[in-house]
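Undergrad: Return a 3D structure for these sequence lines:
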Amino acid sequence: MSALQKQPGPESNGRVGLRSVSTTSIVLAFLSVYFFWGSTYTAIRIGAAEMPALLLAGLRFFIAGFILLGWCRWRGFKLTFPVRTMLMLGIIGLLLLFLGNVGLVYAEKTVPSGLSSLGFAVTPLYVALIELFLPHGESLPSRGWLGLLTGFAGLAALLWPSLHNALVGNRRMLAALVALLGGAFAWAVGSLLSRHARLQVTSFVAASWQMIIAGCFDLLLGTALGNWQQFHLNRAAVGSLAYLVTGGSLLGYTGFVYLIEHVPVAKVMSYTYVNPVVAVLLGIFLLHERPEPTEFVGMAGIIFAVFLLTTAQIRTKSDPAPTKHLEQMPAE
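TA: Residues are numbered from 1 along each chain as shown. As a prediction, this is how the structure comes out:
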């Protein structure tokens, strides 16, 4: 998944056009974001068993990026921009899809898909915490602080069984948890940079270039590290990759873009507490994962915390009067 900027397209003369929508379209878009993004954790878990993290992420985003860029060309969108804009798109893409997504894929070689999805669900908590230290960031009301504290308490309960296992000698588990939480942090930083950059680039085109740039970087680094020797192209790998390209990077993201243009942001952000539920259930039924009781407690805490944060009204430090909802970019 890649960061979204709600920005003007060429067909709207500098303004994002509002098109008539139907209830059916809205419902289908929500179902797409809820299911496809929630199920990508299961697909990543399957693919990570057959392919190194850099190659799985690289192939996924490289292919999806070129497909989406071709669609943008067919629609007549502007595809090239000044060097500074392209550089910023590349930086955002690397934060989200290299550090963020590769951290997730690496973690899922060891960590169950349900636990991984919940680990990444703390991204809004990171975003809220970082905003507190920015000069023109957003301050939290009491509801937001309650969400922040509840979220980190839930994270502690969620990760305790795995962390305890790691501390008693399982260094592989410890490395996976560090990669997971580090990837979520990189996703938060990339999301904030994407929000504040205000690039004059159509959302679909921005996503295309972010995926292509990050995909190229992943593949080049994976090649330099000799990862192709561990690459296994079998039925499971092909199925996982195909699903991540179509369901995760094209259908899920397209649904998100459609919703962000027609539905209030606070409602769209509900995916952050629906996706983990989908991932946990699919992990149980398809991958036979068995979460610990404390992990269910942590799951409930994180979902409740994200709900509080995404529905809390916050104020910018520079202007105490206006209020707006906390926005968080897509996790997958």
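Undergrad: Quick one: residues contacting the closest residue to residue 94 other than its chain neighbours.
TA: In this structure, residue 94 finds its nearest non-sequential neighbour in residue 214, 5.7 Å apart by Cβ to Cβ, 6 or more residues apart in numbering. Every C-beta, even on glycine, is put in place using the N, C-alpha and C of the backbone. Going by Cβ atoms under 8 Å, 6 or more residues apart in numbering, residue 214 touches 2, 57, 58, 61, 93, 94, 96, 97, 98, 101.
Undergrad: Regarding residue 78, what is its secondary structure?
TA: What DSSP: H, G, I helix; E, B strand; the rest coil gives for residue 78 is coil.
Undergrad: Quickly note the distance from it to residue 206.
TA: Note on residue 78: its distance to residue 206, by Cβ to Cβ, to the nearest Å, is 11 Å.
Undergrad: Neighbour count for the two, which is higher?
TA: residue 206 (26 against 13; other Cβ atoms under 10 Å).
Undergrad: In which helix or strand does the residue nearest to residue 94 reside?
TA: helix 203-224 (DSSP states H and E).
Undergrad: do residue 34 as well
TA: Secondary structure from DSSP H and E places residue 34 in helix 23-48.
Undergrad: Can you name every helix or strand that that helix contacts?
TA: The elements that helix 23-48 packs onto, with contact taken as 3 or more Cβ pairs under 8 Å, 6 or more residues apart in numbering; DSSP states H and E, are helix 53-75, helix 101-107, helix 113-120, helix 235-243, helix 252-262, helix 271-286.
Undergrad: Out of the ones you listed, which gets nearest to residue 184?
TA: Set against residue 184 and scored by Cβ to Cβ, the helices and strands packed on helix 23-48 come closest in helix 113-120, at 5.0 Å.
Undergrad: Contacts for the closest one, please.
TA: Residues outside helix 113-120 that contact it (Cβ under 8 Å, 6+ apart) are 38, 41-42, 44-45, 104, 107-108, 111, 155, 158-159, 162, 177, 180-181, 183-184, 187, 275-276, 278-284, 287, 289, 291, 295, 298-299, 302, 331-332.
Undergrad: Return the per-residue confidence for the closest residue in space to residue 86 that isn't next to it in sequence.
TA: Nearest residue to residue 86 in three dimensions, chain neighbours excluded: residue 209, at 7.0 Å (Cβ to Cβ, 6+ apart). pLDDT recorded at residue 209 is 94.
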